[in-house]
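In: quick one, fold the following:
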Amino acid sequence: MNGAYCNMSVPPRTKLERDIRPVGRQVLIGLSLAGFQPGDYANLLETFGRDHAAALASAPRPQGYVIAVQVREKHVAVQNVPTCRDQALTLAVVSRIAGGLYIPRREPRLIEENAQAVFLLPASAFLGMTNDE
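Out: Numbering: from 1, shown residues only. The predicted structure is shown next:
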């Protein structure tokens, strides 16, 4: 033993607080926020993609992967966060999210779980994507 003694029966004197904040501007992305109706989700990629194929294909695709944090739309922490209202961009992004990651090179595939979710993403990955500046 090195002679050090730690008395674990005494409560700690230091109070630690945790404050988590996003780095840089964030944006909320969700199909419901962009004006899509819940009943449309099942065939949305096919029907919307047929009429807006060029817009879906031209959506910004950042290099690498982007962490997509699923949030509750009404949560106090995201009340003042800008919202993406561009339907083509929203669908392009949401259909490329898998397991909490936005994968730019992934083939679009709309998962039911993602269709009903709202995600918080860094705005810097999608410059100019929000209507609420």
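In: for this structure, what spans make up the helices?
Out: 44-51, 53-57, 87-94, 112-115 (DSSP state H).
In: pLDDT below threshold where in this protein?
Out: Within the chain, the stretches with pLDDT under 70 are 1-8, 12, 16-23, 76-77, 126-133.
In: which residues does L28 bridge with?
Out: T83, L120 (DSSP bridges).
In: for H75, see how far away it is.
Out: Going from L28 to H75 by CB to CB, to the nearest Å gives 10 Å. Every C-beta, even on glycine, is put in place using the N, C-alpha and C of the backbone.
In: which of the two has more neighbours?
Out: L28 (19 against 11; other CB atoms under 10 Å).
In: skipping adjacent residues, who's closest to R72 in space?
Out: Nearest non-adjacent residue to R72, counting by CB to CB, 6 or more residues apart in numbering: V118, 7.2 Å away.
In: give me the distance between the one you found and L28.
Out: In terms of CB to CB, V118 sits 6 Å off from L28.
In: what do you get for R96?
Out: Separation of R96 from L28 (CB to CB): 17 Å.
In: so what's V94 up against?
Out: The contact partners of V94, by CB atoms under 8 Å, 6 or more residues apart in numbering, come to 29-31, 110, 114-115, 117, 119.
In: before we move on, what about S95?
Out: S95 makes contact with 45, 108-110, 114 under the criterion CB under 8 Å, 6+ apart.
In: report the buried members of these.
Out: For the contacts of S95, a burial check counting by 16 or more other CB atoms under 10 Å picks out 45, 110, 114.
In: need the phi and psi values for the second one.
Out: The phi and psi torsions at L110 (degrees, to the nearest 10) take the values phi -90, psi 110.
In: number the chain from 448, please
Out: Yes, from this point I'll number from 448; that puts the last item at L557.
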